[in-house]
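Q: coordinates for the following, if possible.
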Amino acid sequence: MASETHGADAAAEGSSLVFHPMDQFIIKPLFGGDAIHWYTVTNVTLWMAITVLCVIGLMVIGTSRRAIIPNRSQSIGELAYGFVYKMVEDVTGKDGLAYFPYIMTLFMFIVFANFLGLIPMSFTTTSHFGVTIILAFAVFFTVTILGFVKNGAGFLGLFWVSSAPMALRPVLAIIELISYFVRPVSHSIRLAGNVMAGHAVIKVFAGFAAISVISPLSVVAITAMYGLEVLVAFIQAYVFTILTCVYLKDALHPSH
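A: Numbering: from 1, shown residues only. Reported below is the predicted structural model:
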């Protein structure tokens, strides 16, 4: 009987050390219940709304004064504006600047969503494939439609490698066509996968912090990973945006 009690206590003690790093990505309704419908307000909805409000707060309210000597929010807004503007101009050329507002909005939404996800007890919306695939498909359909509108049938020249030997061109055309339609998948998985992986690793290290023997090492690891995630949050927003610029360039200049 004593051994059974001791075994139960040991099991209970062991269960207290069990952690699930993927629990932080569970979508939950905000107002109770288990069923989630398309109209259900969830933690994803909440943090996406907060992201939008943060973007509006910085880029609209924060820069509304347009002072010659800018305050902090205006300085950050102008820095972000100049950074994305230069990116669009360098990658797509002058023709791509007409689509700068869309690319700027995309960048600001992703970078804010990534950074808000680093706040303790928050929810990282860009860690979900369902969110990033919508962003990626929006880019895919936009550049595809734009490519045909701007170039007509000439947009198909994007898949025809004229510099290759004639015998290889049909094979390369098929490969190019497949890679083109895989773009939204790779575009979205790259963002969601990197963000999710970093947050999961931080949660794993946080679980080991409960063990007194390795707690100091765990805290150091968490601090290092958190610093890395701050860098990843910006880099992934940059990568998603610059790939959007590359796809836009293909739509505007398919023969280049």
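Q: so who does residue 195 touch?
A: By C-beta atoms under 8 Å, 6 or more residues apart in numbering, the residues touching residue 195 are 114, 117, 124, 126, 127, 232, 233, 236. Every residue, glycine included, has its C-beta placed from N, CA and C.
Q: ok, these vs residue 255, which is closest?
A: In terms of C-beta to C-beta, no member of these lies closer to residue 255 than residue 236, at 30.9 Å.
Q: which sections of this structure are below the confidence cut-off?
A: The chain contains residues with pLDDT under 70 at 1-19, 212-213, 256.
Q: what about the helices in the stretch 101-250 of the chain?
A: Listed in chain order, the helices of the stretch 101-250 of the chain (DSSP state H, counting those that start in this stretch) span 129-151, 169-208, 215-252.
Q: turn the ones you listed into TSV, including distance to residue 70.
A: Converted to TSV, the helices of the stretch 101-250 of the chain look like this (distance: least, C-beta to C-beta, whole Å):
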stretch	distance to residue 70
helix 129-151	30
helix 169-208	30
helix 215-252	21
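Q: list the buried residues of stretch 78-86.
A: 80, 84 (16 or more other C-beta atoms under 10 Å).
Q: from the chain's centroid, how far away is it?
A: Put simply, stretch 78-86 sits 19 Å off its chain's centre (C-alpha atoms, centre = their mean, to the nearest Å).
Q: same check, this time on stretch 229-240
A: When distances are taken as C-alpha atoms, centre = their mean, stretch 229-240 is centred 8 Å away from the chain's centroid.
Q: now stretch 126-134
A: The answer for stretch 126-134 is 7 Å, by C-alpha atoms, centre = their mean.
Q: chain neighbours aside, what residue packs nearest to residue 114?
A: residue 233 (3.6 Å; C-beta to C-beta, 6 or more residues apart in numbering).
Q: wait, that neighbour touches residue 116, no?
A: No. Using C-beta atoms under 8 Å, residue 233 is not in contact with residue 116; the gap is 9.2 Å.
Q: those two - which one has more neighbours?
A: residue 233 (24 against 19; other C-beta atoms under 10 Å).
Q: contact partners for the more buried one?
A: Here residue 233 is in contact with 111, 114, 115, 117, 118, 195 (C-beta under 8 Å, 6+ apart).
Q: surely the second one touches residue 238?
A: Spelled out, that is residue 114. No. Look at residue 114 against residue 238 with C-beta under 8 Å: they stay out of range, at 10.4 Å.
Q: of these two, who's got more company?
A: More crowded of residue 114 and residue 238, by other C-beta under 10 Å: residue 114, with 27 against 16.
Q: on that earlier part again, can you tell me how far the residue nearest to residue 114 sits from residue 123?
A: As for residue 233, its distance to residue 123 is 14 Å (criterion: C-beta to C-beta, to the nearest Å).
Q: now do residue 62
A: 24 Å.
Q: need the residues that contact stretch 64-80.
A: 57, 58, 59, 61, 62, 63, 104, 107, 108.
Q: now the buried members of the residues you listed.
A: 58, 59, 62, 63, 104, 107, 108.
Q: isn't the second one right up against residue 108?
A: Translated: residue 59. Yes. With contacts counted by C-beta under 8 Å, residue 59 reaches residue 108, the gap being 6.5 Å.
Q: circling back: most widely separated two among the contacts of stretch 64-80?
A: Going by C-beta to C-beta, the pair spanning the contacts of stretch 64-80 furthest: 61 and 107, at 18.6 Å.
Q: and residue 40, helix, strand or coil?
A: Three-state call for residue 40 (DSSP: H, G, I helix; E, B strand; the rest coil): coil.
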